[in-house]
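Q: Mind folding the following:
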Amino acid sequence: MTKRTLLYGAVILLASNLIIRIMGFVNQVLVLRTIGPEGFGLIQMAFPIYLLALVVASAGIPTSVARMIAEAGARGHIIEVRRIFRLALSLITVTGLAATVTVYLFVPAISGYIMQDPRAYRCFLVMIPSIFLTCLCSLLRGYFQGLGNMAPTAVSQLLEQLFRVVIGLYIAYRLLPRGIEFAAIGYSAGMVLGDLAGLVTVCYLYSRHKPLLPAGSNSRRGFVHLARELFSLAFPISVTRVVTVILYIIDSILIPARLHAAGFTIQQCTEIYGKFTGIGLTLLAFPTVFTISLATTLIPGMSEAAAREEYRLVQGRASESIRLTILGGLPMMVILVAIPTQVSGLFFGIPEAGGPIRILASVSILLYLFQTTTGILQGLGKVYIPLRSILTASAIKCILIYYLTAIPDLNIHGTALAFVANYIIASILNLVSVAREVGLTLSVRQVLIKPAVAALGMSLTLVQTAHRVFEATGKVNASTTMALVSGLAVYLMILMWNGGVTRQELQRLTNLR
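A: Numbers count the residues shown, from 1 in each chain. Down below sits the predicted model:
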């Protein structure tokens with residue numbers, strides 16, 4: 001990253017992830033409209049188990065490789081870069097194959113205890129080959145990210161998502177006459193083919209990039225020393241991710257179960273859960289196209305700066321990333337709080353999902369800050385801090401889900417309130433830790449007041465435009481579209497007017513320096 005700034009890497013991933021997110025969003029809209037919330041709920045019940053197997057198989061190796069390669073590259077140890085990659089490739093091949101075989105042999109025996117709807121099991125079986133494919137693909141992406149080259153990750157992710165959208169949706173549509181279960185299985189098969197396309201792409205880019213590594217000095221560290229360091233970095237990352245996925249699995253079990261306790265049938269529980277995850281959490285997650293790109297870029301960037309003991313650069317990157325997260329996350333928060341029913345109706349044709357969406361969005365900026373601060377802490381090697389934050393916040397969330405979701409008058413709204421508590425606690429814990437470890441230099445006026453003024457102007461524009469256009473035309477979708485366009489325009493105009501976005505930042509985005 002000596003020649004490419006934090007903003008450069010983030011913009012490269014942001015551009016690709018924005019396209020990916022739009023493709024995925026369109027795909028999800030079409031899938032929900034095709035197989036319905038019930039079909040999507042089946043996929044969401046199967047997905048956490050697949051994700052747990054994937055996290056165990058990858059064992060935190062790709063993220064650790066990105067950090068180790070960034071540090072070795074910063075010291076000019078190019079031969080060590082190759083050693084790190086060969087070691088990681090051997091390890092992840094073994095763990096990936098072992099996890100795939102283990103899951104195939106043992107999950108059938110416990111699937112009934114994990115998946116509340118038995119129809120979700122076949123979806124999971126179809127997903128199994130993706131475990132090994134994704135492990136290899138993630139490692140290669142980590143290699144490139146460690147070298148400060150985000151383009152291979154961007155290209156492979158684009159093609160991966162393209163295959164998922166086109167092929168997954170096509171298979172789901174063709175199998176729909178046989179029932180919702182088969183349509184969900186078809187969509188799951190499209191995920192596997194998309195992962196295969198991503199792996200083929202990144203392998204091709206690696207074969208072309210490998211000879212282009214510059215000459216450099218070597219270090220005396222051998223494979224044993226590198227393996228020890230790799231495991232010391234990978235273990236806490238892996239533990240953090242395993243815990244996160246286990247908590248995700250608990251949600252997928254607990255929410256439908258407590259909805260059932262509130263008086264809903266199993267099919268209704270699957271449908272409500274599908275709406276909550278497929279609509280509410282999908283809309284809420286849209287700004288993560290920016291925060292995840294930023295966090296991915298931060299890990300090697302922070303590691304490189306820390307390795308050189310450039311502590312002012314570490315502090316500056318942390319502060320800049322937090323400010324960028326607030327600027328990028330506020331618009332979606334405002335939209336989903338101001339007009340959630342209209343947005344849900346416009347994209348998914350299900351306006352009744354707006355209630356839980358408004359609750360979730362009320363503190364969504366804290367979710368985005370949690371992702372960014374996790375990237376900062378992982379880049380500094382403080383990987384146990386996000387784990388502690390997740391565990392503390394999730395323990396409270398599970399307790400609240402258990403009690404609030406089972407209340408008939410609250411049901412899924414109670415679940416949303418539990419998620420809000422989770423975002424608040426996890427984000428505050430991470431922010432306090434970052435401030436303690438780095439010593440943030442944040443301007444309240446620049447970071448909070450100016451974006452808040454822009455958000456207020458956007459909120460007023462959204463509500464007024466939606467109301468007045470609807471009165472004039474009588475068309476909800478047209479008024480919502482007009483409100484979104486005008487609201488975003490006002491947000492950007494106010495930021496440029498009050499200096500929330502500076503001329504220098506616009507020049508950096510234009511020149512990509």
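Q: rest of the way, CA atoms for contacts and neighbours
A: OK.
Q: Need the contact partners of stretch 441-450.
A: 315-316, 319, 323, 326, 495, 498-500 (CA atoms under 8 Å, 6 or more residues apart in numbering).
Q: Pull the most distant pair out of the residues you listed.
A: Based on CA to CA, the longest span within these runs between 315 and 498 and measures 24.9 Å.
Q: So if I had to pick from the two, which one is more boxed in?
A: Set side by side, residue 315 and residue 498 show more neighbours around residue 315, with 21 against 15, by other CA atoms under 10 Å.
Q: Skipping adjacent residues, who's closest to the more buried one in space?
A: In space, and not counting its chain neighbours, residue 315 is closest to residue 438: 5.6 Å by CA to CA, 6 or more residues apart in numbering.
Q: where's that neighbour relative to residue 317, distance?
A: 10 Å (CA to CA, to the nearest Å).
Q: do the same with residue 64
A: Residue 64 sits 20 Å away from residue 317, going by CA to CA.
Q: Hmm, residue 33 is touching residue 350, no?
A: No: Residue 33 is beyond contact range of residue 350, at 9.4 Å (criterion: CA atoms under 8 Å).
Q: Of residue 438 and residue 317, give the one with the bigger neighbour count.
A: residue 317 (22 against 19).
Q: And that one, how far from residue 233?
A: Per CA to CA, residue 317 is found 22 Å from residue 233.
Q: I'd guess residue 264 is in a strand, am I close?
A: No: using DSSP: H, G, I helix; E, B strand; the rest coil, the assignment for residue 264 is coil, not a strand.
Q: neighbours around it, how many?
A: Neighbour tally, residue 264, other CA under 10 Å: 18.
Q: State the pLDDT value of it.
A: We have a pLDDT of 88 for residue 264.
Q: which phi and psi does it have?
A: Main-chain torsions, residue 264, degrees, to the nearest 10: phi -90, psi 150.
Q: So, low pLDDT: which residues of the chain?
A: 1-18, 73-77, 109-113, 116, 209-223, 289-309, 503-513 (pLDDT under 70).
Q: ok, and the closest non-adjacent residue to residue 131?
A: Take residue 131 and drop its neighbours on the chain: the residue closest to it by CA to CA, 6+ apart is residue 54, 5.2 Å away.
Q: State the distance from the one you found to residue 142.
A: 16 Å.
Q: Secondary structure element for residue 410, which one?
A: Using DSSP states H and E, residue 410 maps to neither a helix nor a strand.
Q: again but with residue 173, I slipped
A: Secondary structure from DSSP H and E places residue 173 in helix 169-175.
Q: Buried by neighbour count: which residues of that helix qualify?
A: Buried residues in helix 169-175, counted by 16 or more other CA atoms under 10 Å: 169-173, 175.
Q: Repeat that for stretch 467-477.
A: Within stretch 467-477, the residues scored as buried using 16+ other CA under 10 Å are 467, 469-470, 476-477.
Q: Using JSON lines, lay out the residues you listed together with secondary structure.
A: Converted to JSON lines, the buried residues of stretch 467-477 look like this (three-state DSSP):
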{"residue": "467", "secondary structure": "helix"}
{"residue": "469", "secondary structure": "helix"}
{"residue": "470", "secondary structure": "helix"}
{"residue": "476", "secondary structure": "helix"}
{"residue": "477", "secondary structure": "helix"}
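Q: List the contacts of the residue lying closest to residue 38 once chain neighbours are set aside.
A: Nearest non-adjacent residue to residue 38, counting by CA to CA, 6+ apart: residue 271, 4.1 Å away. Applying CA under 8 Å, 6+ apart, we find residue 271 in contact with 36-41.
Q: So which bits of the strand or helix carrying residue 271 are buried?
A: Using DSSP H and E, the element containing residue 271 is helix 266-275. Neighbour counts over helix 266-275 (16+ other CA under 10 Å) mark 267-275 as buried.
Q: Please work out how many residues are found near residue 261.
A: 17.
Q: Next one: it relative to residue 249, how far apart?
A: Residue 261 is 18 Å from residue 249, by CA to CA.
Q: cool, residue 175 as well?
A: Distance from residue 175 to residue 249, by CA to CA: 27 Å.
Q: Likewise for residue 415?
A: 15 Å.
Q: Repeat that for residue 132.
A: Distance from residue 132 to residue 249, counting by CA to CA: 20 Å.
Q: How about residue 225?
A: For residue 225 relative to residue 249 (CA to CA), the value is 36 Å.
Q: Among these two, which residue is more densely surrounded?
A: residue 249 (21 against 10).
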